[in-house]
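Engineer: sharing a model prediction with you, sequence too.
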Amino acid sequence: MKIFLDGQFYDKQDAKISVFDHGLLYGDGVFEGIRFYNGRVFRLEEHIDRLYDSAKAICLTIPMTPAEMTEALLETIRINELKDGYVRLVVTRGVGDLGLNPLLCPKASVFIIAAKITLYPEEMYKNGLTVVTCATRRIPHGALSPMVKSLNYLNNVLAKIEAQQAGAGEGLMLNEQGYVAECTGDNIFTIKNGQVYTPPISAGALAGVTREAMFHIAAQLGVTISEPNMTRYDIYTADECFLTGTAAEVIPVTKLDTRVIGTGKPGPLTLQFIEKFHELTANSGTAIY
């Protein structure tokens, strides 16, 4: 495996960053997870735009133009001779001292990893995922905007630990007001009487690229998606439920907090969203080769 690191490619064992990098010391940086399918990168422009928006929001200057970043990402996939997989694109504040002062980090560091990823076992995609509500809350807008895809994922990690300790596949995270925000790594959708719902970004959800793709698919299917504030009750009583994320793709949810959702099996509209998503990823994207 070859890793892109600050303009050079290194073997996996030689791709190293400083212990004084503020990305490591303070989680000071931004990242993107990006999928590619059959030689095409899915929604690459949207991911690159979000990366630069996240960096701008935290006053982080990326030492590459978006065009240079795009080419570096594509070349990382090419040099690893991959056609299907997952890219982790990370920008850290760079090397500084042991204090917080970002001005002492003269240049950001960029690294790109292209590899395979399997987030959930195949049977969960067929039979549905079990989810539990986590005590750990989503970071509020007043602390750190959830629109920033930063390296600060500790509360998501803690929520994931809660879900794993409860024997569930995923954890549902609420905001400080008790409304549904998102899961530890995925956006959430419900279906009730043929209407699709998902929490608004203002509730603490990340503006997911796959989430956005669901709006386009909904238009193809002739259904609308509403974005009201949602509570756990709305999920308990939903007919269907599914999660979306770059790594997870689209996966059905059949149980939350021991309550069976709908029939307890992936619902018909959920299956249509999954089918349309696979069609979309198979027929669109930026060519790699």
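Structural biologist: Structure's in. What do you need?

Engineer: in the strand or helix carrying His216, what counts as buried?
Structural biologist: Using DSSP states H and E, His216 sits within helix 209-221. Residues 209-211, 213-214, 217-218 are the ones in helix 209-221 that count as buried (16 or more other CB atoms under 10 Å). The C-beta positions use only the backbone N, C-alpha and C, and glycine is treated the same way.

Engineer: which residues touch Glu46?
Structural biologist: 209, 212 (CB atoms under 8 Å, 6 or more residues apart in numbering).

Engineer: so which strand or helix has it?
Structural biologist: Using DSSP H and E, Glu46 sits in helix 44-57.

Engineer: between that helix and helix 209-221, how big is the angle?
Structural biologist: Counting by axes from the mean of the first three to the mean of the last three CA atoms, to 10 degrees, helix 44-57 points 140 degrees away from the direction of helix 209-221.

Engineer: which elements pack onto the helix or strand that helix 44-57 is followed by?
Structural biologist: Sequence order places helix 66-79 as the next helix or strand after helix 44-57, per DSSP H and E. The contact analysis (3 or more CB pairs under 8 Å, 6 or more residues apart in numbering; DSSP states H and E) places helix 66-79 against strand 2-5, strand 40-41, helix 44-57, strand 85-92, strand 109-115.

Engineer: mean confidence for the shortest one?
Structural biologist: Right, strand 40-41. Taken as a whole, strand 40-41 carries a mean pLDDT of 97.

Engineer: what lines up beside it in the sheet?
Structural biologist: strand 29-37 (antiparallel), strand 286-287 (antiparallel) (DSSP bridges).

Engineer: return the most buried member of these.
Structural biologist: Greatest average neighbour count among the strands paired with strand 40-41 goes to strand 29-37 (a mean of 22), per mean count of other CB atoms under 10 Å.

Engineer: any idea how far that one is from the chain center?
Structural biologist: Computed by CA atoms, centre = their mean, to the nearest Å, the chain-centroid distance of strand 29-37 equals 8 Å.

Engineer: output that strand as PDB, nothing but the C-alphas.
Structural biologist: Extracted in PDB, the C-alpha atoms of strand 29-37 (Å, rounded to 0.1, in the frame of the first residue of the first chain):
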ATOM      1  CA  GLY A  29      -7.700  19.100  11.600                       C
ATOM      2  CA  VAL A  30     -10.400  18.000   9.200                       C
ATOM      3  CA  PHE A  31     -11.000  14.900   7.100                       C
ATOM      4  CA  GLU A  32     -13.200  13.300   4.500                       C
ATOM      5  CA  GLY A  33     -14.200   9.600   3.900                       C
ATOM      6  CA  ILE A  34     -14.800   9.000   0.200                       C
ATOM      7  CA  ARG A  35     -16.000   6.000  -1.700                       C
ATOM      8  CA  PHE A  36     -15.100   4.900  -5.200                       C
ATOM      9  CA  TYR A  37     -16.900   2.300  -7.200                       C
END
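
Engineer: which residues touch it?
Structural biologist: Contacts for strand 29-37 (CB under 8 Å, 6+ apart): 22-23, 41-44, 47-48, 50-51, 54-55, 58, 60, 73, 77, 82-93, 108, 148-151, 246-247, 249, 281-282, 285, 288.
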